[in-house]
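**Student:** just to be clear, the model below is a prediction. Sequence and coordinates:
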Amino acid sequence: MTKNPPMPDLTKAEFNILRIIWKNGKLSVREVHDQITAAHDWAYSTTKNMMDRMVRKQLLAREKFHGVFLYRPLISRPTGFTRIVQFFADHVLELDYGEVVALFSRSKVLKAEEVRELEKLLADETEARHDTS
């Protein structure tokens, strides 16, 4: 049985960058920067440094296209949401993971197949925690 890669711990800034790229597909640093300035008052170089760090953390892939680097996500939206759901379920709402996933399902934040992926990721994480306990 192959072991799943560990769930990434995302900073708020990393999550915001991923949200933009998940929504739009492949983007340049400039395109991300233009959208993220509403949430973060960053210089362009800060956005570039964050995205380059995310490449090193294997959260983003960088490909050159007509002389411009385009970035695409290496993790799915459900994978990105996993740690957030775990935190909210355990520490904020004090609910089972399934109840928090149901909130996503009702809000339509995630597509049905993404909700199923999130449920599976959380079940795998729960199982892995119990195996090492």
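**Tutor:** Structure's in. What do you need?
**Student:** from here on, just use CA atoms for contacts and neighbour counts.
**Tutor:** OK.
**Student:** mind listing the strands for the chain?
**Tutor:** Ranges of strands within the chain are 60-65, 68-73, based on DSSP state E.
**Student:** dump those strands to JSON lines, plus distance to residue 117, mean neighbour count and mean pLDDT.
**Tutor:** Putting the strands of the chain into JSON lines (distance: least, Cα to Cα, whole Å; neighbours: other Cα atoms under 10 Å; pLDDT from 0 to 100) gives the following:
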{"stretch": "strand 60-65", "distance to residue 117": "19", "mean neighbour count": "16", "mean pLDDT": "94"}
{"stretch": "strand 68-73", "distance to residue 117": "16", "mean neighbour count": "19", "mean pLDDT": "95"}
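**Student:** what does the domain assignment say about this protein?
**Tutor:** Domain assignment for the chain by automatic domain parsing gives 12-73, 77-132.
**Student:** which of the ones you listed comes out lowest on mean pLDDT?
**Tutor:** Per-segment mean pLDDT for the domains of the chain reaches its minimum on domain 77-132, at a mean of 74.
**Student:** leaving out chain neighbours, which residue sits closest to residue 18?
**Tutor:** Leaving aside its sequence neighbours, residue 18 sits nearest to residue 73 (Cα to Cα, 6 or more residues apart in numbering; 6.8 Å).
**Student:** that neighbour against residue 20, yeah?
**Tutor:** No - counting by Cα atoms under 8 Å, residue 73 stays clear of residue 20, with 10.0 Å between them.
**Student:** can you name the residues that contact residue 14?
**Tutor:** By Cα atoms under 8 Å, 6 or more residues apart in numbering, residue 14 lies in contact with 50, 54.
**Student:** next up, the contacts around the residue nearest to residue 72 when sequence neighbours are not counted.
**Tutor:** Using Cα to Cα, 6+ apart and skipping residues adjacent in sequence, the residue nearest residue 72 is residue 26, 4.8 Å away. With contact set as Cα under 8 Å, 6+ apart, residue 26 has these partners: 70, 71, 72, 73.
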